[in-house]
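Q: One predicted model, sequence on top.
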Amino acid sequence: TTVAFPRNQFIVVTGVSGSGKSSLTIDTLFAEGQRRYAESLSAYARQFMARMVKPDVDYIKGLCPAIAIEQKVITRTPRSTVGSMTEIYDYLRLLYARAGKTISPISGREVKKDDVADVIALITRLEPGARVVILVPFKQHAKRELREELG
């Protein structure tokens, strides 16, 4: 089976009910377009995606990365966007959260979670005599007095 696509054009698939439109478009073309897109990502980004099986075709030429928009009844609001209606927004958020870096608009530096070594390094760089306040969460057990907890 060979399928070729013209560049920069939309393909519309029509046919009677039961003729295999969904099988062709979703199970074959969309699956291959999505698989090709996933292959273009870094190994780091791919680790967060499910493994994609290659469709049972011999050759597909000219297929671009694909998204599928499910045909369903959508409740639109004035704040609806193509991203929220197609639910691709959720995938983009996940991609940016996992593969992206958050940059502070104030300092221009990357925002990251500090570990113990980062905190110790910061404290050791302070001027002699500088004060440091260390706060820790404290949960008192219901049946114990404060004196017992701290003792």
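A: Alright, I've got the coordinates. Residues are numbered from 1 along each chain as shown.
Q: In the chain, where's the longest helix?
A: Criterion DSSP state H: the longest helix present in the chain is helix 88-99.
Q: by contact count, what packs against it?
A: Packing contacts for helix 88-99, counted by 3 or more C-beta pairs under 8 Å, 6 or more residues apart in numbering; DSSP states H and E, involve helix 43-46, helix 82-85. Where C-beta positions appear, they are placed from N, C-alpha and C, glycine not excepted.
Q: Worst mean pLDDT among those?
A: With a mean of 66, helix 82-85 has the lowest mean pLDDT of the helices and strands packed on helix 88-99.
Q: what about stretch 126-145, how long is it end to end?
A: Terminal residues of stretch 126-145 lie 37 Å apart, using C-alpha to C-alpha, to the nearest Å.
Q: How about stretch 79-96?
A: 21 Å.
Q: roughly how far apart are Tyr91 and Leu135?
A: Note on Tyr91: its distance to Leu135, by C-beta to C-beta, to the nearest Å, is 38 Å.
Q: returning to what we had before: name the surrounding residues that touch the first helix or strand past the longest helix of the chain going along the chain.
A: Where DSSP states H and E defines the elements, the next helix or strand beyond helix 88-99 is helix 116-124. Residues from elsewhere that reach helix 116-124, judged by C-beta atoms under 8 Å, 6 or more residues apart in numbering: 114, 132.
Q: how does it look with 6 Å?
A: Val132 (C-beta atoms under 6 Å, 6 or more residues apart in numbering).
Q: Not including adjacent chain positions, what is the nearest residue to Phe138?
A: Counting by C-beta to C-beta, 6 or more residues apart in numbering, Phe138 lies nearest to Glu149, which is 7.8 Å off, once chain neighbours are set aside.
Q: pretty sure the one you found contacts Gln140?
A: Yes: Glu149 is in contact with Gln140 according to C-beta atoms under 6 Å; the separation is 5.4 Å.
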